[in-house]
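Trainee: Generate a structure from the sequence data that follows.
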Amino acid sequence: MKSSKKHIIISTVLCALTLVVFLAFYGKLPDSIPVHFDSEGNANSYFPRNMIVFGVPAVSVLLNLLAAFKVNKQADKATFMFYIMPAVAVVTSGIIIYLGLK
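Mentor: Numbering: from 1, shown residues only. This next block holds a predicted model:
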């Protein structure tokens, strides 16, 4: 039980650290960040910078906690399952920053 709590805490901290990454690029990001593209690659939906910078890490932390407690209830849990959401959060943050700077 202690080891699963440790994994939940570590994975939640990793998700929260995406906020640091967003804050590092805050000044370089445009006021509106593209989040959806049409079939030709043109941006057709934008979110405000603050919503992305603070919202994505918050949603990542919430989804991580939900997933971690669900995994924690499974009898055959594997350690890597606690770190799927942090990996998704880091990749998603990288993609959003790349698209915002593009």
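Trainee: Buried ones in the lengthiest helix in the chain, by neighbour count?
Mentor: Identified as the longest helix of the chain according to DSSP state H is helix 49-73. By neighbour count on 16 or more other CB atoms under 10 Å, the buried set for helix 49-73 is 49, 52-53, 56-57, 60-61, 64, 67-68, 71. Quick note: C-beta positions are derived from backbone N, CA and C, even for glycine.
Trainee: likewise stretch 95-102?
Mentor: Within stretch 95-102, the residues scored as buried using 16+ other CB under 10 Å are 96-97, 100.
Trainee: In contact with the nearest residue to H36 once chain neighbours are set aside, which residues?
Mentor: Distances taken as CB to CB, 6 or more residues apart in numbering place S45 nearest to H36, at 3.6 Å, with adjacent residues excluded. Applying CB atoms under 8 Å, 6 or more residues apart in numbering to S45 gives the contacts 34-36.
Trainee: Please convert those to a markdown table, extending it with distance to F80.
Mentor: Converted to a markdown table, the contacts of S45 look like this (distance: CB to CB, whole Å):
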| residue | distance to F80 |
| --- | --- |
| P34 | 32 |
| V35 | 29 |
| H36 | 31 |
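Trainee: Go ahead and confirm F37 touches A43.
Mentor: Yes - at 5.6 Å, F37 counts as touching A43 under the criterion of CB atoms under 8 Å.
Trainee: Now do the helices in the protein.
Mentor: For the chain, helices defined by DSSP H occupy the ranges 2-16, 18-24, 49-73, 84-101.
Trainee: Any chance of CSV for those, columns distance to P30?
Mentor: CSV is the format used below for the helices of the chain (distance: least, CB to CB, whole Å):
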stretch, distance to P30
helix 2-16, 24
helix 18-24, 13
helix 49-73, 7
helix 84-101, 6
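Trainee: thought N64 was touching S11?
Mentor: Yes - using CB under 8 Å, N64 is in contact with S11, at 5.6 Å.
Trainee: Which residues are in contact with each of these two?
Mentor: Here N64 and S11 share the contacting residues 85-86, scored by CB under 8 Å, 6+ apart.
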